[in-house]
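In: sharing a sequence plus its predicted fold:
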Amino acid sequence: MKYIAALFQILIISNVCLATLSPPSDKKSQKGVKPQEGSRKNNVLDRKLVVETPYVKDILKYHATYHQETSLRNFKNTILGYVTPWNNKGYDVAKIWAPKFNYISPVWLQIKRQSPHVYIISGLHDVDHAWMKTVKQKGSVSDLKIVPRLLFENWEPADLKAFFMEPTSITEQKALIAEVKKTCKQWNFNGIVLEILSQIGKYIDKSVKFIQQFGLEMTEDNLSLIIVYPPFRGYPSDEFFIQAFNEIYPYVNAVSVMTYDFSNPQKPGPNAPLYWMKLCLEKLIGNEENPSKRSKILLGLNFYGNSYTANGGGPIVGTEYIELLKNAKANQVISYNNNTAENYIEIKTSQGAKKIFFPTLFSIQKRLELADEFGTGVAIWELGQGLPYFYDLL
């Protein structure tokens, strides 16, 4: 009977918690921790919350608080923030902290070749004009630009060949560019973030001239073009991307480098070690003291984390992280690895032990300092995944 009663209680609690990743918190371990939320007179730096090894209780207590002056910028270089339709919190973050951003990129659009010289942009049903208007009004001081991400998605081999290899490829490319520019004007976009390099396979070496032409034509209409770029991973293709960057950056507004997802469930570990992020910058910049080149780079900054178990695991966002922390002792410390400059914690749950890598104020500050040292901007994937007090650092 005791077993049945205990099982019944667990089921009730699980339903209330909407099937969170971890069991309910131990009330004894969290005694005295009362979460706070909303604006404060001082930012996290002034409140001495940016520490190398924070206590669990301090994250639980203060993560939802933030500086009341949401328009003040601590990081002076370019900031891009991605927003996804599947994470509505990102839309609210963009509205609250709009003045801190130079670009907001909603992940809305895909483009495909329908027939010769005819290109169709899908995803426009996700466009929220009221939200765009609010964000632009609040971000007017920093001249905020809305630049939706445009993905080359599921192109057929024949379409890729026609676009990059056939005698009429130049005409095909101009037709696509024209369709993008028309859409930007019709929907009041300030440009796009183009994700193409991971989608076109063996035609990757043909992409440089296309991107150069794309950038030139977008500039003619005062539209921005930002390119999503792979990080350095030790692959044979890395040398191509290093050289291609030198040919691409003069023609685009920025290059958003995906310096995250360093680890995965098959190879658990840190989300984005600082030494690796630094290596990626060094590879792209080379020995050049070129402020224009450096400023075009947006260092990828993850606001999500990963929770690993003996059987795998996967990504988690801020709300899931907070629920997991409720299983830890209030006075437990979030560990810090000097080599990777990342924080982690190990927590025991009913599903077994979990090792959690999630950004902290300290780890984010270290990465902002790296970007500042190299003269680059940052690109955050993605708004709404992190914790509210992260934005004090921007």
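Out: That came through, no problem.

In: hang on, residue 66 in a strand?
Out: Yes. Remark: residue 66 belongs to a strand, assigned using DSSP: H, G, I helix; E, B strand; the rest coil.

In: that one against residue 40, yeah?
Out: Yes. Assessed by Cβ atoms under 8 Å, residue 66 is found in contact with residue 40 at 6.9 Å. (C-beta placed from N, C-alpha, C; glycine too.)

In: neighbour count for the two, which is higher?
Out: residue 66 (22 against 18; other Cβ atoms under 10 Å).

In: show me the beta-bridge partners of that one.
Out: residue 39 (DSSP bridges).

In: in contact with it, which residues?
Out: Counting by Cβ atoms under 8 Å, 6 or more residues apart in numbering, residue 66 touches 38, 39, 40, 43, 44, 388, 389, 391, 392.

In: out of these, who's the most crowded?
Out: Among the contacts of residue 66, the one with the most neighbours (other Cβ under 10 Å) is residue 392, at 26 neighbours.

In: that one falls within a helix, correct?
Out: Yes. Counting by three-state DSSP, residue 392 is located in a helix.

In: pass me the low-pLDDT residue ranges in the protein, would you?
Out: 1-32, 141-142 (pLDDT under 70).

In: still on that earlier bit, closest to residue 228 out of the contacts of residue 66?
Out: Residue 228 lies nearest to residue 391 out of the contacts of residue 66, by Cβ to Cβ, at 22.7 Å.

In: apart from its neighbours in sequence, what residue is nearest the closest one?
Out: Closest residue in space to residue 391, ignoring its immediate chain neighbours: residue 97 at 4.8 Å, by Cβ to Cβ, 6 or more residues apart in numbering.

In: wait, doesn't residue 116 sit right on residue 162?
Out: Yes. Contact criterion Cβ under 8 Å: residue 116 and residue 162 qualify, at 7.1 Å.

In: between the two, which contacts overlap?
Out: 168, 172.

In: more neighbours: those two, which one.
Out: Shown here are residue 116 and residue 162; by other Cβ under 10 Å, residue 162 has more neighbours (19 against 12).

In: hmm, the more buried one is touching residue 172, no?
Out: Yes. In this structure residue 162 lies within contact range of residue 172 using Cβ under 8 Å: 5.9 Å.

In: hey, what's in contact with both of those two?
Out: Joint contacts of residue 162 and residue 172 (Cβ under 8 Å, 6+ apart) are 113, 116.

In: got the contact list for the lengthiest helix in the chain?
Out: Criterion DSSP state H: the longest helix present in the chain is helix 169-187. Helix 169-187 has contacts (Cβ under 8 Å, 6+ apart) with 109, 111, 113, 116-121, 124, 127, 150, 162-163, 166, 189-192, 210, 213-214, 217-218, 221, 223.

In: not counting its neighbours along the chain, what's nearest residue 244?
Out: Per Cβ to Cβ, 6+ apart, closest to residue 244 is residue 208, 5.3 Å.

In: tell me the contacts of the one you found?
Out: Neighbours of residue 208 in contact, by Cβ under 8 Å, 6+ apart: 244, 247, 248.

In: tell me the SS of it?
Out: helix.

In: how much space between it and residue 386?
Out: Residue 208 sits 34 Å away from residue 386, going by Cβ to Cβ, to the nearest Å.

In: show me where the stretch 151-300 of the chain has its strands.
Out: 191-195, 224-229, 254-257, 297-302 (DSSP state E, counting those that start in this stretch).
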